[in-house]
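**Q** Let's see this in three dimensions:
(chains A and B)
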Protein chains: 2
Amino acid sequence: MSRREFLTSTGTMAAAYPAMLALGMLREAPAHAFSLAGNGKGKHIIILGAGLAGMAAAYELLKLGYQCTILEARERSGGRVWSIRKGTTHRETDLPLQTAQFDEGLYFNAGPSRIPHHHGLTLHYCRELQVPIQVYNNINEAAYFFAEGKGPLSNKKIRVREIHNDLRGYTAELLAKAIDQHKLDTGLTTEDTQKILEYLRAEGGLDIDKLYKASDRRGYLEGPGAGDLPGKIAPAHSLADIINSGLADPDFYNVSEYVYELQMTMFQAVGGNDQIAKAFEKKVGQCIQFGCEVTGIHNQLEGVKISYKDSKGAKELVGDYCICTIPTPVLSNVDHNFSSDVSRAIDYIPYMVTGKIGMQFKRRFWEEDEHIYGGITHTNNELTQIFYPSYDYLSKKGILLGYYNFNEKARQTGNLSHQQREKLAMDKGRLIHPQYDKEFESSFSVSWHKTPYSMGGWALYNNTTRQSHYKSLLQADKRVYFAGEHTTYLNAWMAGAFESARRTVTDLHARVSEQRISYPITTNI
Amino acid sequence: MSRREFLTSTGTMAAAYPAMLALGMLREAPAHAFSLAGNGKGKHIIILGAGLAGMAAAYELLKLGYQCTILEARERSGGRVWSIRKGTTHRETDLPLQTAQFDEGLYFNAGPSRIPHHHGLTLHYCRELQVPIQVYNNINEAAYFFAEGKGPLSNKKIRVREIHNDLRGYTAELLAKAIDQHKLDTGLTTEDTQKILEYLRAEGGLDIDKLYKASDRRGYLEGPGAGDLPGKIAPAHSLADIINSGLADPDFYNVSEYVYELQMTMFQAVGGNDQIAKAFEKKVGQCIQFGCEVTGIHNQLEGVKISYKDSKGAKELVGDYCICTIPTPVLSNVDHNFSSDVSRAIDYIPYMVTGKIGMQFKRRFWEEDEHIYGGITHTNNELTQIFYPSYDYLSKKGILLGYYNFNEKARQTGNLSHQQREKLAMDKGRLIHPQYDKEFESSFSVSWHKTPYSMGGWALYNNTTRQSHYKSLLQADKRVYFAGEHTTYLNAWMAGAFESARRTVTDLHARVSEQRISYPITTNI
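**A** Residues are numbered from 1 along each chain as shown, chains lettered A, B, ... in the order given. So this is what the prediction gives:
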């Protein structure tokens, strides 16, 4: 049994993994190897979109001997995987052209900026295409919670560590009290209940009497030093104050770091995540036709006909199969002869309304003055979040994300001009960082729902649409396959693009080569 | 009023900071500026030890015009700030010479390996001496808890995220139940109590009925993917199983990341923390005499006399003042005429018993097979902890810390030969990582309590000794000043060495220049 047969026969690597470990096959077959039998010689695949899904599909199809043509509406590759740097231009649906004035070497990721450690396929391609990565510091206890105009802690910069430890402490104290007073059936033995009390003391940082007191976990007013400086610990916030300033509200309190996809370790490509796209472009660039806006997709008796227009006018291209990675809000304006189910899915899958603004400052005051290195400040106002850069620590200048918001807040921000967005970011940002006025240099803002050829951040599904619209896009409509994060459970992530590309290539190649193989032949556990 | 007068008059930067921010002085006077009036021309300071404290003291004294001589027993600078790489040699008190066989470019920090983001002085010197830093990934939810031979979860590799979320979930459920059943006086209004319940649902990941169910927060059996792959979530561990395997025990359950000094963001110097020592050596190297073992320190009517021996024999050196950074377990074997209080402090301050082993593997299986990038696996056996490297992610080979233990476990490990320590690390390590046997190449172990010129990890104080022995070392004994982490509240940290150096230089210079200035003129909040 060859390694390929072994791999392709095992359904998922989860099942194969122990056996492979035993067989010592992991050196030759790293966890995300992708090797299929047969080849696609003589078959022409037209791929719509030179984003990660389209380029990764072409990359794997070329390995199998297929001929590929990638039609890309933009003059660049990468799609939503887009890093903004000096000279980057952008024109939203109803706004004038914007050009980034950032310094050489500085950038921000307008699209996906984080790579979870368990997105093995993204890291696999970074390794295979030799894209250097670095830690994206998503967790930073020194960042702030900021409740504008709400409650006793209104307009105060409160370190994340203060709220984390105060809430852990008070709730641990409450539960310990309930247990001590035998008011609660824990369903545990007396001995185990004692263990829980010990755990609560450690978890909550409770004193010997199981009461919560402020400790150094929540930081110092004056740090400990040499000689007579043990440090001065700040008093804890009262539980009522925290609650009444909304800092315990689920929509505000930072549990985001508990989300599987946001747990450390996280990474980013060194120099911008568009380096991942550029690495793929190096491999498949010869197949890409830029500036080609698709206007029609029509299955024919034999093959599929793509209508598009470029600078010279309207054109047509016929191929054996098509892989369409166009986001559905864009695709719904393209003429097609898809089935009614597919047509309905394309018209009704909602996309996230979201926007970011990158702001260059001539001094990294958040590091020099406030010891904030990476991480996220959370607010209850329009900004929602301020992200501090996870690269070039201790250097002179930096670009932070002045806001990264969603839904209604993002819609309102998106309705503003670029200048008005900058003013909003400055007006709200200086409440938290008074250094803004003295250090600000320039900004660049992106509203994804107003960005041509994207028209949204990522596909949003609920349990109902997963069973209806989503499923409709999973089978090929005759000779047209659909790929992209919207055809996965990894929405908004680069890994979604990659997994969908592999799934589509697997299905298409199985059909062409008449083999019984199915995605995934690997897994990303 | 000049900036210097302003600075030196303000006691601590904590007080001065808002004023300085208002005065827009932070550009000219970064948070850790250190500028003193007057100069020390004609004064000769003998510094004992070329560790960070000794070299930082010399660095600042030279700026002030002092003449400095640093006597260092070893043939290298840095003291406990020591990175082990190809060719590094080490001889413990009762063991033969050990030489590191690691590949070029690979290293591990035998001493301090982490820099907290709030240790502003350490980062200040990294910036001033242009030592590049990178994130030290201290938090990794993908690392393991491993309970050897204990309870229902015995000898299972359990991801940190599983235990974190199960314990948060079960305790949140218990407290929610107590509150719902009105069995608990929360001391809060009904409305605020409802907010707490909302918080508990978010914090614990409880369902609509406020019951804890396994969620994706604790990871997947099979990750989500494209098409029909929503992912398979593993069932939660039972609370009783977690307790009975000791995974909720304070001495095991990982609350270490709650400790102020271990909260993200953390850093390390690129290429090893000894790069910080080497950067100082570049500045003060001309003052350092290597291979000079101090045998006597004697205050005289005028000046201080240092007796030492080098390769050529016994020697003496007389200076105006001495700054002694020798760790007390070493100093207690040096002849001196200190006061009885100082003498007692030197003889009775205990130091941490601790050891590490660096192990080179020819494949980063923890990354390739298990998606572990940096972070710490916690065990209940002799290993205590396994640290995964926070540099060269995705590269071929790597060095992990096979154990980093303390106290009795470290004493037992320290009693073994280097070969026996390697065998212990292999025997216990393969229980967690079966790949050890196939991939292991070489190891290098250090027991600090058996390392000449250190004889311990760091000074250990309790409330009593802080009032007695500690205080005795804070004033100069006539013309001899004491510096090093043991003269600070930053024990075990490089910042302790730096803060103590600044404190000592401040005191000594105040005396020489007859100025009223006191440490800190800056702060490390």
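**Q** Tell me, how many residues neighbour the spatially closest residue to A:Arg363 that is not a sequence neighbour?
**A** Using Cβ to Cβ, 6 or more residues apart in numbering or on different chains and skipping the chain neighbours, the partner closest in space to A:Arg363 is A:Glu439 (4.8 Å). (Glycine included, C-beta is placed from N, CA and C.) Neighbour count of A:Glu439, defined by other Cβ atoms under 10 Å in any protein chain shown: 19.
**Q** element containing A:Ser442, please.
**A** strand A:440-447 (DSSP states H and E).
**Q** and that strand, does that touch chain B?
**A** No: in terms of Cβ under 8 Å from any Cβ of the partner chain, no part of strand A:440-447 sits within range of chain B; the closest distance is 14.3 Å.
**Q** Give me the below-cutoff pLDDT ranges for the stretch 1-150 of chain A.
**A** Applying pLDDT under 70 to the stretch 1-150 of chain A flags the ranges A:1-31.
**Q** what about 80?
**A** A:1-33 (pLDDT under 80).
**Q** could you point out which element follows the helix or strand hosting A:His164?
**A** Using DSSP H and E, A:His164 falls within helix A:160-180. Counting by DSSP H and E, the next helix or strand C-terminal to helix A:160-180 is helix A:190-204.
**Q** what does the stretch 301-450 of chain A put close to chain B?
**A** Within the stretch 301-450 of chain A, the residues that sit near chain B (Cβ under 8 Å from any Cβ) are A:363, A:365, A:368-369, A:371-375, A:390, A:393-394, A:434-435, A:438.
**Q** In three-state terms, label A:Leu62 for me.
**A** When classified by DSSP: H, G, I helix; E, B strand; the rest coil, A:Leu62 comes out as helix.
**Q** what about it, distance to A:Ile45?
**A** Going from A:Leu62 to A:Ile45 by Cβ to Cβ, to the nearest Å gives 10 Å.
**Q** Need the overlap of contacts for these two.
**A** The contact sets of A:Leu62 and A:Ile45 overlap at A:Cys68 (Cβ atoms under 8 Å, 6 or more residues apart in numbering or on different chains).
**Q** Please say which of these two ends up with more neighbours.
**A** Neighbours were counted for A:Leu62 and for A:Ile45 using other Cβ under 10 Å; A:Ile45 has more, 29 against 17.
**Q** need the helices for the stretch 301-450 of chain A, in chain order.
**A** Using DSSP state H, counting those that start in this stretch, the helices assigned to the stretch 301-450 of chain A run over residues A:328-331, A:340-348, A:365-368, A:407-414, A:418-432, A:436-439.
**Q** And the ones you listed: which comes nearest A:Asp228?
**A** Closest approach to A:Asp228 among the helices of the stretch 301-450 of chain A (Cβ to Cβ): helix A:365-368, 26.8 Å.
**Q** low pLDDT regions in chain A?
**A** A:1-33, A:183, A:251-256, A:518, A:520-525.
**Q** please redo it, this time with the cut-off set to 90
**A** Filtered on pLDDT under 90, chain A yields the residue ranges A:1-38, A:181-188, A:222, A:234, A:250-257, A:514-525.
**Q** How about the contacts made by A:Gly40?
**A** Residues near A:Gly40 by Cβ under 8 Å, 6+ apart: A:Leu61, A:Leu64, A:Gly65, A:Tyr66, A:His509, A:Val512, A:Ser513.
**Q** Burial check on the first one, number of neighbours?
**A** The reference is to A:Leu61. Using other Cβ under 10 Å, A:Leu61 has 26 neighbouring residues.
**Q** picking that back up, any idea of the angle the strand holding A:Ser442 forms with helix A:407-414?
**A** Between strand A:440-447 and helix A:407-414, the angle comes out at 120 degrees (axes from the mean of the first three to the mean of the last three Cα atoms, to 10 degrees).
**Q** one step back: if you count contacts, what does the helix holding A:His164 end up packed against?
**A** With contacts taken as 3 or more Cβ pairs under 8 Å, 6 or more residues apart in numbering or on different chains; DSSP states H and E, helix A:160-180 sits against strand A:144-146, helix A:190-204, helix A:239-244, helix B:160-180, helix B:190-204.
**Q** farthest-separated two in the contacts of A:Gly40?
**A** Greatest spatial distance in the contacts of A:Gly40: A:Leu61 and A:Ser513, 12.1 Å, computed using Cβ to Cβ.
**Q** how many neighbours does A:Val342 have?
**A** Look at A:Val342: counted by other Cβ under 10 Å, it has 21 neighbours.
**Q** now swap in A:Asn333 and tell me
**A** Neighbours around A:Asn333, by other Cβ under 10 Å: 12.
**Q** ok, now the one 5 residues further on?
**A** Here the number of neighbours of A:Phe338 (other Cβ under 10 Å) works out to 22.
**Q** what residues are up against A:Ile179?
**A** By Cβ under 8 Å, 6+ apart, the residues touching A:Ile179 are A:Thr186, A:Thr193, A:Ile196, A:Leu197, A:Leu200, B:Leu174.
**Q** Quick one: buried ones out of those?
**A** Buried members of the contacts of A:Ile179, scored by 16 or more other Cβ atoms under 10 Å in any protein chain shown, are A:Thr186, A:Thr193, A:Ile196, A:Leu197, A:Leu200, B:Leu174.
**Q** Can I get the residues you listed in TSV including distance to B:His449?
**A** Formatted as TSV, the buried ones among the contacts of A:Ile179 follow (distance: Cβ to Cβ, whole Å):
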residue	distance to B:His449
A:Thr186	42
A:Thr193	39
A:Ile196	36
A:Leu197	35
A:Leu200	34
B:Leu174	43
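**Q** Please tell me I have it right and A:His90 contacts A:Phe444.
**A** Yes: when contacts are counted by Cβ atoms under 8 Å, A:His90 is listed as touching A:Phe444 (7.3 Å).
**Q** Overlap in contacts, the two.
**A** A:Ile84, A:Gln98, A:Ala100.
**Q** contacting residues around the last one?
**A** So the one you mean is A:Ala100. A:Ile84, A:Arg85, A:Lys86, A:Gly87, A:Thr88, A:Thr89, A:His90, A:Gly358, A:Ser442, A:Phe444.
**Q** All good on my end, thank you.
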